[in-house]
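Trainee: coordinates only, sequence not included:
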């Protein structure tokens, strides 16, 4: 076999290997919880954010008009509202129904009921809300879209779903199961690399000022500044540590010896963001994506493949 | 002879290459934009290079084509579908100062109150902060005025007794930890002020 074909074989083995259903179950359940929490967090504000009349922020039509110029085939809540109006339904009713559907598909994902349909519907409804509320989105929306996009493409249902128990649906092929896990792993590696790189390019991550600013900037100022200022000496250390954890992620998360350490460091970083800055959903989505991508190979989970299925190939 | 399985693998690998090419192009472009704006620690010479490199990274995203071009529309649609239409420079290269929007409400009976759009606390505040950042960062006067007017109209609906309203958009400057220890607190630098009344809405000049 020539060197070229050996490299090709290695590449194929890297992407198409036999993988357990663990990672997909983590992603599905995690995103199911997130979709439900996302919808519940907007329970009282859904119409305030997305209606175009009455007590609303009224940015939806503007965001949708701008989006139409850039990408006219991206779904928005305006699509649903117009479809509802053609059936004689009022805007408020359509918006409320879309919120209820979002909760429903979130529970569907969580329990693993009609997995594929739930995943597609969750991605679609969440994308509609994110694009219609483009001016009121933040990091959690981007990462939920990414997670739901990969979940929708992955070979659902996994082994741990109600679909499998109730409807006797057989798990799908292993071919794409490993492939989409690799895609998620590579995507996360790029996310952290670019996030770390841009932080390293800022002067104030090296002296800890950015950490102070991030923690005292409203509405992220969960911890009183009087308390934070006592820890000012450790801000430069933590600031540099964040830069190193992020920019080193694409290397050290892949090495078997450092994987568990790096994963724990990243999980702790996101947990701290959630607790100390009040960004609970953002923290949760990053934890879910990291756990799905890398936890099954770390000490956090004992590797449990199906009988006869080899352990996935790893880069060591 | 290629089997169905081989064809499927090839198709998935082609998708993967295109997907990651777009993803890297978006991320690189956003990083290069930051460098070209001179907000990084890189020397001034890097700005010229990054401007050129940024225009190259725009090619895979079809940004050199007109907005209505089908190729650009298709690329933009796919990026939105996959959630990869934005880079990952959160709180980078530096954490920006926050913006504050305060409405002074002047009632019919002569008394005055102040209101801010972010008074709800919780999930909505995180989202309204994104809106304030958009309003504060925009270079477009028309967009800024439009959005502030919309928020003012919202308050007006809740408070019909208000006769005139003054919207003050300012940037909050946080003290450093050392300054904070010495008693210095957050200060606001006024950027724009707008006067609204039920009869007419006239933006006031920058103060």
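Mentor: Sure thing, it's come through. None of the values given here were measured: they were computed from a predicted structure. Residues are numbered from 1 along each chain as shown, chains lettered A, B, ... in the order given.
Trainee: ok, now how distant is residue A:118 from residue A:147?
Mentor: Applying C-beta to C-beta, to the nearest Å, the value for residue A:118 to residue A:147 is 14 Å. (C-beta placed from N, C-alpha, C; glycine too.)
Trainee: quick one, helices of chain B?
Mentor: Secondary structure of chain B (DSSP state H): helices at B:4-36, B:45-57, B:70-82, B:123-137, B:141-158, B:177-181.
Trainee: mind putting these into a markdown table with distance to chain A, mean neighbour count and mean pLDDT?
Mentor: Below are the helices of chain B laid out as a markdown table (distance: least, C-beta to the nearest C-beta, whole Å; neighbours: other C-beta atoms under 10 Å in any protein chain shown; pLDDT from 0 to 100):
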| stretch | distance to chain A | mean neighbour count | mean pLDDT |
| --- | --- | --- | --- |
| helix B:4-36 | 4 | 16 | 94 |
| helix B:45-57 | 10 | 15 | 90 |
| helix B:70-82 | 4 | 18 | 96 |
| helix B:123-137 | 4 | 20 | 87 |
| helix B:141-158 | 5 | 16 | 87 |
| helix B:177-181 | 4 | 15 | 91 |
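Trainee: closest one to residue B:108 among those?
Mentor: helix B:141-158 (12.7 Å; C-beta to C-beta).
Trainee: which strands and helices lie in contact with that closest one?
Mentor: Helix B:141-158 is packed against strand B:98-107, helix B:123-137, strand B:162-173, strand B:187-197, with contacts defined by 3 or more C-beta pairs under 8 Å, 6 or more residues apart in numbering or on different chains; DSSP states H and E.
Trainee: ok, residue B:127 touching residue A:139?
Mentor: No. Residue B:127 is beyond contact range of residue A:139, at 11.4 Å (criterion: C-beta atoms under 8 Å).
Trainee: of all the helices and strands packed on helix B:141-158, which one comes closest to residue A:175?
Mentor: Nearest of these (C-beta to C-beta): helix B:123-137, 39.4 Å.
Trainee: and that closest one with strand B:162-173, angle?
Mentor: On the basis of axes from the mean of the first three to the mean of the last three C-alpha atoms, to 10 degrees, helix B:123-137 is oriented at 80 degrees to strand B:162-173.
Trainee: looking at the helices of chain B, spot the one closest to residue A:76.
Mentor: The nearest among the helices of chain B, by C-beta to C-beta, is helix B:70-82 at 10.2 Å.
Trainee: redo the helices of chain B as CSV? Include distance to residue A:211.
Mentor: Formatted as CSV, those follow (distance: least, C-beta to C-beta, whole Å):
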stretch, distance to residue A:211
helix B:4-36, 19
helix B:45-57, 25
helix B:70-82, 31
helix B:123-137, 18
helix B:141-158, 30
helix B:177-181, 10
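Trainee: out of the helices and strands packed on helix B:141-158, which is closest to residue B:21?
Mentor: helix B:123-137 (28.5 Å).
Trainee: which helices and strands sit right next to the closest one?
Mentor: Looks like helix B:123-137 contacts helix A:46-50, strand B:98-107, helix B:141-158, strand B:162-173 (3+ C-beta pairs under 8 Å, 6+ apart).
Trainee: so how far is it from its chain's centroid?
Mentor: 8 Å (C-alpha atoms, centre = their mean, to the nearest Å).
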